[in-house]
Structure formats: structure tokens, C-alpha cells
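Peer 1: sequence unknown, structure follows:
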């Protein structure tokens, strides 16, 4: 069974940090583009960041630039999202995704074939 499982979410105060992990199983994701998306209550799911198979190309949403860092360890079939200087507007369920997205399409949910169930991040002000 192919799975992506997120972990590392939680409740923090504004200005704090969290590190999310996305562990893949059932197949190797080392050749896939991987990304993070988030969905806040009452809002549509939105793109956060994406990383190419070898980490050579990275793409951030404007809201994440300068605060979030995406990375991956292909040997562990795992991707990460380091989130610093968190704000209340970062509160959302964070989902990881993997697939054959190109750099140009990596912002779009339709470009990904595999999705995790999500991990809740709550930032209090």
C-alpha cells in the first residue's frame, strides 16, 4: 500500500517553530516532485512549497518565503518542512503530496498523484 504520512504538527504560539515530516512507504518517491499544501478552515487548499526529486529546484508560495524551508532525504523516503516565525494565519491542516509534477506545475494540486491525510498546525497569537 502506497502511503504518505505527515507528522510534526501541533500547537505553538506566534513566532514559534515547527518541523513537519512526510514519510513515504510502499514505493520509492526519490524520483518524484514533492510538495506541501495547506487548508485553513473555510478556505480552499493552497500551495506552500515544492521540491524537485534531487532538491535542485525549490518553489515557495509568497506566504512561505523567508520563513519556511522545504527539504528531503531520499534515502529515508522523507520530506520536511521547517516552519519558523509562525503566524496565526499559518493555522491549517498541512498535507504532503508526491508525483510527476514539473517545476512549472508544482503549484497545482492536480499535478500530484499521492497525498497524505494531513497534520494540524495551530498558531495562537
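Peer 2: Received, thanks. Note that the coordinates shown come from a computational prediction; the quantities given were computed from them, not determined experimentally. Residues are numbered from 1 along each chain as shown.

Peer 1: For the rest of this, base every contact and every neighbour count on C-alpha atoms.
Peer 2: Will do.

Peer 1: Share the number of residues neighbouring residue 50, please.
Peer 2: In terms of burial, residue 50 registers 30 neighbours under the definition other C-alpha atoms under 10 Å.

Peer 1: measure it to residue 1 for me?
Peer 2: Using C-alpha to C-alpha, to the nearest Å, one obtains 24 Å as the distance from residue 50 to residue 1.

Peer 1: In the chain, mark out all the strands, start to finish.
Peer 2: Across the chain, reading from the start of the chain, the strands by DSSP state E fall at 3-7, 10-13, 18-25, 33-39, 46-51, 58-60, 68-73, 78-83, 92-99, 114-115, 119-124.

Peer 1: CSV for those strands, including distance to residue 108?
Peer 2: Formatted as CSV, the entries for the strands of the chain read as follows, by distance: least, C-alpha to C-alpha, whole Å:
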stretch, distance to residue 108
strand 3-7, 18
strand 10-13, 26
strand 18-25, 19
strand 33-39, 10
strand 46-51, 7
strand 58-60, 12
strand 68-73, 17
strand 78-83, 18
strand 92-99, 11
strand 114-115, 13
strand 119-124, 20
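
Peer 1: Let me have these in CSV, extended by mean pLDDT and distance to residue 106.
Peer 2: Rendered in CSV, the data for these read as follows (pLDDT from 0 to 100; distance: least, C-alpha to C-alpha, whole Å):
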stretch, mean pLDDT, distance to residue 106
strand 3-7, 98, 17
strand 10-13, 98, 26
strand 18-25, 98, 17
strand 33-39, 98, 7
strand 46-51, 98, 6
strand 58-60, 96, 8
strand 68-73, 98, 13
strand 78-83, 98, 15
strand 92-99, 97, 9
strand 114-115, 98, 13
strand 119-124, 98, 20
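
Peer 1: Leaving out chain neighbours, which residue sits closest to the residue nearest the centre of the chain?
Peer 2: Relative to the mean C-alpha position of the chain, the nearest C-alpha, by C-alpha atoms, centre = their mean, is the one of residue 36, at 2.2 Å. Of all residues not flanking residue 36 in the chain, residue 96 sits nearest, at 4.5 Å (C-alpha to C-alpha, 6 or more residues apart in numbering).
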